[in-house]
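**Student:** take a look and give me a structure for this.
(one chain, ligands or ions: 2)
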Amino acid sequence: MPTPADVAAFLGTAITGGPIERRRPLRDVVDDSRTLGPGDVYMAFPGTHRHGLDFEDDARRAGVALVVSDRAAAHLPTVVVDDPRAVAGPLAAWFHGHPSREMRVHGVTGTNGKSSTAAMVHAGLLGADGRPGLLSGVEITGPGITTTPVRTTPEAAVVHRTLAHFARTGCDSVALEVSSHAAVHRRVDGVAFASMTLTNLSPEHLDFHGTMEAYFRAKASLFAQDRTERAVVSVDDDHGRRLARAVRVPVVTHSVTDPGADVYASEVRAPDADADHRGHRFTVHTAGGEAEIRLQVLGPHQVADAVAAVAVLTADDLPVDAAAEGISALRTISGRCEPVSVGQPFTALVDYMHNVAGQLATLPFLRSRTPGRLVVVIGATGDRDPAKRRPIGATAAAWADLVVVTDESPGTEDPAAIRAEVRAGAEAAGHVQVLEVPDRDSALRTAVSGLRRGDTVVVAGRGSDRRQVFGDKVIHFDDHARLVIAVEDECSAPAIGTIQIGCARRT
Ligand SMILES: CC(=O)N[C@H]1[C@@H](OP(=O)(O)OP(=O)(O)OC[C@H]2O[C@@H](n3ccc(=O)[nH]c3=O)[C@H](O)[C@@H]2O)O[C@H](CO)[C@@H](O)[C@@H]1O[C@H](C)C(=O)N[C@@H](C)C(=O)N[C@H](CCC(=O)O)C(=O)O
Ligand SMILES: Nc1ncnc2c1ncn2[C@@H]1O[C@H](COP(=O)(O)OP(=O)(O)OP(=O)(O)O)[C@@H](O)[C@H]1O
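**Tutor:** Ligands and ions are numbered 1, 2, ... in the order given. Here you go, the predicted structure:
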């Protein structure tokens, strides 16, 4: 294992302070005081709220061997560098023996569709008899490991530790979801990508990036020559076309509609309205041939995500039919147009749409499949993107018959103020019933109340994320599990003047 002296040599600078055991074998590189152990290198970052060195006492108690920070610790030996976040990735990569170089690592970025595309890349790799790992905001999974992440992309120390686990356990490839926050915070520095994919770009996280231009540049930085062998870019998107022109690595373009793209779809067929929970079918064309994809996951946007995945895989020399077979075998992506099926006569879904682009990808499709009432449960997450709250309300109202506005992890903000914004957007759109039900469980029950065959309810905004923050409290709320209960209860509620058998009274 590397020692403090090795770390100092790697970073090209001396160790200050002490006492120091220069030849002590180090255990790991860690950036959070709450997960430190004996013999760790502690990356103490300056943050917006705290400085990692605020937790030096915890680090000492944990038995940390060395600190890397932008200033010397009071007691612990420290390697002082200008920007600790900038060295965290390369240091963690080196510490773990550059695991990304031993596998084909496929990065996926974009505003919407990152998790879905990463899941499809993973599924396609499985279809081609690969041994892949998946590191996404929905799940981290590989041989001997399946966890639910807190972040879309973890900090660099966790990224490289996870890649090291994948490499050690025999993975040959990885699908890795990369957020724009990760790009700015350098969480994937030191990862050698075989490919980086852009799904699309639309207004999001502007509270963090400031402008669309800065957001674009954060994404574009992931496509640099020293990061990835190849760029895989959607040309159905203005920003994608711009990126395709700008990058200096080989580009593979993909499109749902444009036969001029390297990989594209044709004969895209929506599922029959009565074909329960089946996805689109289409032919995907690549330079190496074509194949039929029969999606099981719902929604037209999944076609774009699947085409992107095929582009990633076939550009890396996987056969198109194996990739198509793997993607077609993917049954569900947690919280992404995920159905609740407990025998009820109406359609009930949980979806992670949380911006206008996601709504426009999903709601018109649900409307087209819903001869009856379309009920949309929405809210907006606090401490981020206040400008999107009214548009989210307005877009839901444009497609729904009933909009139920509820709380959705308000964070440090006033939940009522967030709801008021979303509600104002929905009401301004007119012609639609809008109800405000602060408690999310009650909102779900309100939404399913009285639904019949031909109706659809979609609970939007949280997807598979089961953590919600209310001030200083973190609560667990699983949209899918609670929707199952709400639908079951609705179906078994006594109906006045009818004889009921399960959900039969609603049919
Ligand atoms: C804007 C942003 O991304 N901020 C992240 C950043 O916060 P920060 O720099 O302000 O750090 P800080 O909270 O002041 O803490 C400073 C340092 O002290 C450390 N610390 C802090 C507390 C403690 O008890 N012990 C400890 O060691 C922290 O690990 C950190 O290194 O570094 C922290 C430590 O890693 C992250 O927790 C924090 O994520 C915040 C909470 C967050 O919400 N991030 C979101 C916006 C995010 O990253 N989202 C993207 C996905 C977006 C999407 O596409 O939807 C993601 O990749 O997840
Ligand atoms: N290709 C796409 N185009 C537009 N919208 C999409 C696309 N794929 C998915 N969506 C919408 O975005 C939502 C989130 O999908 P997904 O989790 O795959 O995206 P993400 O980029 O990982 O999101 P996040 O960055 O917030 O984690 C979906 O529930 C759907 O409503």
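**Student:** number of residues surrounding the closest residue to ligand 1 within the stretch 351-500 of the chain?
**Tutor:** As assessed by C-beta to the nearest ligand atom, ligand 1 sits closest to residue 384 within the stretch 351-500 of the chain, at 6.5 Å. C-beta: built from backbone N, CA, C; applies to glycine. When neighbours are counted by other C-beta atoms under 10 Å, residue 384 registers 16.
**Student:** residue 109: neighbour count?
**Tutor:** 28.
**Student:** give me every residue that touches residue 466.
**Tutor:** 148, 476, 477, 478, 479 (C-beta atoms under 8 Å, 6 or more residues apart in numbering).
**Student:** any idea how far the closest residue to residue 46 other than its chain neighbours is from residue 83?
**Tutor:** Among residues not flanking residue 46 along the chain, residue 70 sits closest, at 5.7 Å (C-beta to C-beta, 6 or more residues apart in numbering). To residue 83, residue 70 is 7 Å away according to C-beta to C-beta, to the nearest Å.
**Student:** so which residue of the stretch 401-507 of the chain comes closest to ligand 2?
**Tutor:** For the stretch 401-507 of the chain, C-beta to the nearest ligand atom, closest residue to ligand 2: residue 463, 6.1 Å.
**Student:** how about the residues of the stretch 51-200 of the chain by ligand 2?
**Tutor:** 110, 112, 113, 114, 115, 116, 137, 152, 179, 199, 200 (C-beta under 6 Å from any ligand atom).
**Student:** list the contacts of the residue of the stretch 351-500 of the chain closest to ligand 1.
**Tutor:** 205, 207, 208, 411.
**Student:** between residue 70 and residue 83, which has more neighbouring residues?
**Tutor:** residue 70 (17 against 11).
**Student:** my read is that that one contacts residue 52, right?
**Tutor:** No - counting by C-beta atoms under 8 Å, residue 70 does not reach residue 52; the two are 9.4 Å apart.
**Student:** quick check: neighbours shared by the two?
**Tutor:** Counting by C-beta under 8 Å, 6+ apart, the residues touching both residue 70 and residue 52 are 46, 84.
**Student:** near ligand 1, which residues of the stretch 51-200 of the chain show up?
**Tutor:** 52, 55, 151, 152, 153, 155, 179, 181, 182, 185.
**Student:** pick out the lowest-pLDDT one from the residues you listed.
**Tutor:** Minimum pLDDT for these is recorded at residue 151 (87).
**Student:** what stretches of the stretch 351-500 of the chain score poorly on pLDDT?
**Tutor:** Residue ranges of the stretch 351-500 of the chain with pLDDT under 70: 493-500.
**Student:** for it, which segments count as helices?
**Tutor:** 356-368, 389-399, 415-429, 440-448, 479-492 (DSSP state H, counting those that start in this stretch).
**Student:** give me the angle between the first one and helix 389-399.
**Tutor:** With axes from the mean of the first three to the mean of the last three C-alpha atoms, to 10 degrees applied, the angle from helix 356-368 to helix 389-399 works out at 20 degrees.
**Student:** same question for the longest one.
**Tutor:** Comparing the axes of helix 415-429 and helix 389-399 via the same axes, to 10 degrees yields an angle of 40 degrees.
**Student:** what sits up against helix 415-429?
**Tutor:** Counting by C-beta under 8 Å, 6+ apart, 378-380, 382, 386, 389-394, 396-398, 403, 405-408, 410, 432, 434, 436, 438, 470 sit against helix 415-429.
**Student:** redo that, cut-off 6 Å
**Tutor:** With contact meaning C-beta atoms under 6 Å, 6 or more residues apart in numbering, helix 415-429 is reached by 380, 382, 389-390, 393-394, 396-398, 403, 405, 407, 410, 434, 436.
**Student:** the second one now?
**Tutor:** If you take C-beta under 6 Å, 6+ apart as the criterion, helix 389-399 is touched by 356, 359, 363, 367, 376, 378, 380, 403, 421-422, 424-426, 429, 432.
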